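[1] This is a predicted model, with the sequence first.
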Amino acid sequence: MTDIICDTNIWYNIGRKSINVEPFENRLCFHYLTVGELLSTEKLLYSPEDHREAVSSLFSYGKYSDSHMFPVFDHIHHLYNESYSYSESVIGNMLTNLKLLSWVGLPDEIRSEYSTKGDKVRELQEMESSKINNYSKEIKSVMCQFKKHDYTHEIREIIIKNVNLSANDNVMDMHFDWTKLELLEATMKESSKKLNSGLIFKNNDWNDLLQLAYVQPGNQYWTKEKRWKRIITDSGMEHYLYEKL
């Protein structure tokens, strides 16, 4: 049985009955970023039934294993050091809150506050996307001088830096089995190339990219986003795609 790591759009498609998963031979898996997205999406305000069906699909058909419900850099920390764990109470609270939201919806008294928080989340996403796009412009001239450079070392440094920042300690270094993150690493490289050829990062693209950290060798990734399927295919990692272009 193969673990299929699902993008959030898969749960919405299952909920809309546009994907039939009965019977299904493989195991459909969700992760921390999907749960976080479902807890903060504006669909709670504007498409509550669509949201309810997606959450129902996730809990009906979805599983999570090992560190899938760790925040992404904590998940990578666990891959580096299997003795590292994340708060089970935080994971439990997230899943409980998501179930409650799907059952009772968003209470009227906090709809306005929730909308404001959602605006702040989107504002932060826009800032991060802007930083990535501006960064791509800054390094474009440098990359033109080193077209054959594959940026493996730089990408690994970025990953290590974020894991250590998340842990508030130097817990990770280059001595790591990087094949565990080969899909993420290859897609980051390909994204870097495309950023400097005119690709623009949108608000949720950073999460779309980082969720690939949950896809290890032997797993597959399922998304309906043609844009990301193209980038993954161009990176040479098409074998990870459950649904090809």
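    Perfect, thanks for sending it.

[2] Next one: N93 relative to K63, how far apart?
    From N93 across to K63, the span is 19 Å (CB to CB, to the nearest Å). In short, each C-beta sits where N, CA and C put it, glycine included.

[3] same question, S83
    23 Å.

[4] between those two, who's got more neighbours?
    K63 (12 against 5; other CB atoms under 10 Å).

[5] Name all residues that make contact with that one.
    27-30 (CB atoms under 8 Å, 6 or more residues apart in numbering).

[6] again, only using 7 Å
    Applying CB atoms under 7 Å, 6 or more residues apart in numbering, we find K63 in contact with 27-29.

[7] quick one: which of these is nearest I155?
    For those, the residue nearest I155 by CB to CB is C29; the value is 24.5 Å.

[8] wait, A213 sits on E185?
    No. Assessed by CB atoms under 7 Å, A213 is found out of contact with E185, at 9.5 Å.

[9] Confirm that D150 sits in a helix.
    No. Using DSSP: H, G, I helix; E, B strand; the rest coil, the assignment for D150 is coil, not a helix.

[10] what about it, distance to K43?
    39 Å.

[11] Look at these two and report which has more neighbours.
    K43 (17 against 13).

[12] Who are the contact partners of the nearest residue to the more buried one once chain neighbours are set aside?
    Excluding the flanking residues, the one nearest K43 by CB to CB, 6 or more residues apart in numbering is H51, at 4.3 Å. Each residue near H51 by CB under 7 Å, 6+ apart is listed here: 41, 43-44.

[13] Strands of this structure, start to end?
    3-6, 27-29, 62-63, 220-222 (DSSP state E).

[14] closest one to D173 among those strands?
    Comparing the strands of the chain by CB to CB, strand 3-6 comes nearest, at 26.2 Å.

[15] model confidence over that closest one, on average?
    Across strand 3-6, the average pLDDT comes to 96.

[16] do stretch 184-192 as well
    Per-residue scores along stretch 184-192 average to 89.

[17] Take that stretch, keep the C-alpha atoms, and write them as PDB.
    Written as PDB, here are the backbone C-alpha positions of stretch 184-192 (Å, rounded to 0.1, in the frame of the first residue of the first chain):
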ATOM      1  CA  LEU A 184      11.100  19.200  -2.200                       C
ATOM      2  CA  GLU A 185      14.700  19.900  -3.100                       C
ATOM      3  CA  ALA A 186      14.300  19.200  -6.900                       C
ATOM      4  CA  THR A 187      11.100  21.300  -7.000                       C
ATOM      5  CA  MET A 188      12.700  24.200  -5.100                       C
ATOM      6  CA  LYS A 189      15.500  24.100  -7.700                       C
ATOM      7  CA  GLU A 190      13.100  24.100 -10.600                       C
ATOM      8  CA  SER A 191      11.000  26.900  -9.000                       C
ATOM      9  CA  SER A 192      14.200  29.000  -8.600                       C
END
